[in-house]
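**Q** structure here, sequence nowhere to be found:
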């Protein structure tokens with residue numbers, strides 16, 4: 001189970017006794033039950049601050065606030081040392097309505113449970129990078145490696161997973177899958193500069209996509225933005241530290257593809273290859289003729305494809321390229337983006353498949369270089 005799912009169950013367990021109290025005499029005599037919704041509300045606040053926004057949890061928070069409002073009179077009576085076990089017809093009807101909402105929420109909570117991340121075969125070591133850097137940037141980096149599958153060939157390669165999302169705290173499926181094959185991976189994340197509540201900025205970017213039937217992709221980061229400059233700064237730090245001893249390969253999707261393409265074009269000797277992952281509804285990054293091979297298999301069949309510095313891997317929209325992990329962690333979001341629960345499960349598998357194809361492409365690039 002995911003942490004957010006356990007948090008939702010905890011809040012639901014705190015609300016249930018209050019909602020069923022009018023219908024059980026022994027619960028009516030427990031006057032302190034009126035405090036439980038307020039405890040649940042504080043749990044919601046701490047979870048939102050600590051783990052960030054999840055649409056399913058936001059709905060539960062709204063329900064918690066409604067229950068708190070319905071219990072204000074009874075909490076006041078409790079602190080005045082008065083009985084609070086009387087429920088009139090109106091109060092009983094309110095409880096029935098709230099129970100129906102609570103039951104509907106639980107139904108959808110279990111029907112659309114978060115999809116578990118990729119399960120690795122070995123143990124991963126995670127090391128934060130550039131923590132002592134005096135350069136302030138919203139982009140952060142961490143080095144991920146797995147000694148169990150590493151070979152001498154793997155030691156010569158460093159994979160840069162350059163797909164940072166706002167508030168992406170946990171290891172992504174792509175990072176897990178690539179590191180599990182023995183490669184050292186530097187995963188770029190965007191943990192700082194996200195405001196008081198993690199993931200809030202990301203959900204703001206998703207709002208324009210809701211209800212759309214085409215052009216459903218995250219807006220590209222501007223070359224002149226602080227995020228773009230932070231992205232380039234971290235890339236420079238990585239290449240300065242590892243570029244002389246490692247072959248650097250990049251996997252990128254989402255908001256930073258255009259920034260990455262321009263930077264790699266301006267520094268052609270810095271990377272051994274860049275693998276771009278695009279949705280079929282997403283415009284490809286502009287590149288000169290001969291710089292990019294385009295395909296859906298990762299297989300390089302011609303000399304032109306083998307020696308092209310870039311590979312554009314194009315997914316169906318249902319794979320949710322750029323925010324598949326978000327939809328898998330918070331399936332309610334996937335529903336707003338017009339993706340079924342089965343599609344969200346497939347999007348997680350699509351990430352694993354993309355990692356496999358990336359590794360095959362990487363092997364071919366090393367052979368033909």
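**A** Structure's in. What do you need? It should be emphasised that the depicted structure is a prediction, and the values quoted were computed from it without experimental measurement.
**Q** list the buried residues for stretch 3-21?
**A** By neighbour count on 16 or more other C-beta atoms under 10 Å, the buried set for stretch 3-21 is 4, 5, 7, 8, 11, 12, 14, 15, 18, 19, 21. No exception for glycine: its C-beta is placed from N, CA and C like everyone else's.
**Q** equivalent analysis for stretch 96-103, please.
**A** Counting neighbours by 16+ other C-beta under 10 Å, stretch 96-103 gives 98, 99, 101, 102 as buried.
**Q** TSV for these, including distance to residue 75, pLDDT and secondary structure?
**A** Below are the buried residues of stretch 96-103 laid out as TSV (distance: C-beta to C-beta, whole Å; pLDDT from 0 to 100; DSSP: H, G, I helix; E, B strand; the rest coil):
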residue	distance to residue 75	pLDDT	secondary structure
98	16	91	helix
99	20	92	helix
101	21	93	helix
102	19	92	helix
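**Q** which residue is the nearest non-sequential neighbour of the residue nearest the centre of the chain?
**A** In the chain, the residue lying closest to the centroid (C-alpha atoms, centre = their mean) is residue 326, at 3.5 Å. Spatially, and ignoring its direct neighbours in sequence, residue 326 is nearest to residue 333 (6.1 Å; C-beta to C-beta, 6 or more residues apart in numbering).
**Q** so what's the residue count around residue 123?
**A** By other C-beta atoms under 10 Å, 9 other residues sit near residue 123.
**Q** what are the ranges of the strands in the protein?
**A** 125-129, 140-145, 157-161, 184-189, 247-253, 273-279, 292-295, 310-315 (DSSP state E).
**Q** so how far is the second one from its chain's centroid?
**A** Just to be clear, that refers to strand 140-145. 16 Å (C-alpha atoms, centre = their mean, to the nearest Å).
**Q** how about the contacts made by the residue lying closest to residue 262 once chain neighbours are set aside?
**A** Spatial nearest neighbour of residue 262, chain neighbours left out: residue 223 (6.6 Å); criterion: C-beta to C-beta, 6+ apart. With contact taken as C-beta atoms under 8 Å, 6 or more residues apart in numbering, residue 223 is in contact with 258, 259, 262.
**Q** touching, the second one and residue 231? I think so.
**A** Yes: counting by C-beta atoms under 8 Å, residue 259 touches residue 231, with 5.8 Å between them.
**Q** what does the pLDDT read for the residue nearest to residue 262?
**A** pLDDT for residue 223: 71.
**Q** before we move on, what about residue 319?
**A** Listed pLDDT for residue 319 reads 67.
**Q** name the residue most distant from the centre of this protein?
**A** Max radial position in the chain (C-alpha atoms, centre = their mean) goes to residue 82, at 47.8 Å.
**Q** and it, how far is that from residue 74?
**A** Counting by C-beta to C-beta, to the nearest Å, the gap from residue 82 to residue 74 is 9 Å.
**Q** then residue 128?
**A** 48 Å.
**Q** give me the neighbour count for residue 83.
**A** Look at residue 83: counted by other C-beta under 10 Å, it has 11 neighbours.
**Q** typo on my end, residue 84
**A** The burial count for residue 84: 20, using other C-beta under 10 Å.
**Q** thought residue 91 was touching it, still the case?
**A** No: using C-beta under 8 Å as the test, residue 84 is too far from residue 91 to be in contact (10.9 Å).
**Q** most neighbours, which of the contacts of residue 223?
**A** residue 259 (23 neighbours).
**Q** enumerate every residue touching the nearest residue to it once chain neighbours are set aside.
**A** Excluding the flanking residues, the one nearest residue 259 by C-beta to C-beta, 6+ apart is residue 228, at 4.9 Å. Residue 228 sits next to 221, 222, 256, 259 when contact means C-beta under 8 Å, 6+ apart.
**Q** quick one: the first one from residue 285, how far?
**A** Which is residue 221. Distance of residue 221 to residue 285, computed by C-beta to C-beta: 12 Å.
**Q** the nearest residue to residue 251 once chain neighbours are set aside: how many residues sit nearby?
**A** Of all residues not flanking residue 251 in the chain, residue 275 sits nearest, at 4.9 Å (C-beta to C-beta, 6+ apart). Residues near residue 275, counting by other C-beta under 10 Å, number 22.
**Q** give me the nearest residue to residue 252, chain neighbours excluded.
**A** Closest residue to residue 252 apart from its sequence neighbours, by C-beta to C-beta, 6+ apart: residue 162 at 4.3 Å.
**Q** quick one: contacts for that neighbour?
**A** Per C-beta under 8 Å, 6+ apart, neighbours of residue 162: 188, 231, 235, 250, 251, 252, 256, 260.
**Q** count the residues that sit near the fourth one.
**A** Right, the one you point to is residue 250. Applying other C-beta under 10 Å, we find 26 residues neighbouring residue 250.
**Q** isn't residue 238 right up against residue 187?
**A** No: counting by C-beta under 8 Å, residue 238 stays clear of residue 187, with 11.1 Å between them.
**Q** number of residues surrounding residue 367?
**A** 9.
**Q** and the residue nearest to residue 274 when sequence neighbours are not counted, what pLDDT?
**A** Distances taken as C-beta to C-beta, 6+ apart put residue 250 closest to residue 274, at 4.4 Å, once the chain neighbours are dropped. pLDDT recorded at residue 250 is 92.
**Q** just residue 132 next, same as before
**A** 50.
**Q** with residue 198 instead?
**A** In this model, residue 198 is scored at 64, pLDDT.
**Q** now swap in residue 148 and tell me
**A** Here, the pLDDT recorded for residue 148 equals 64.
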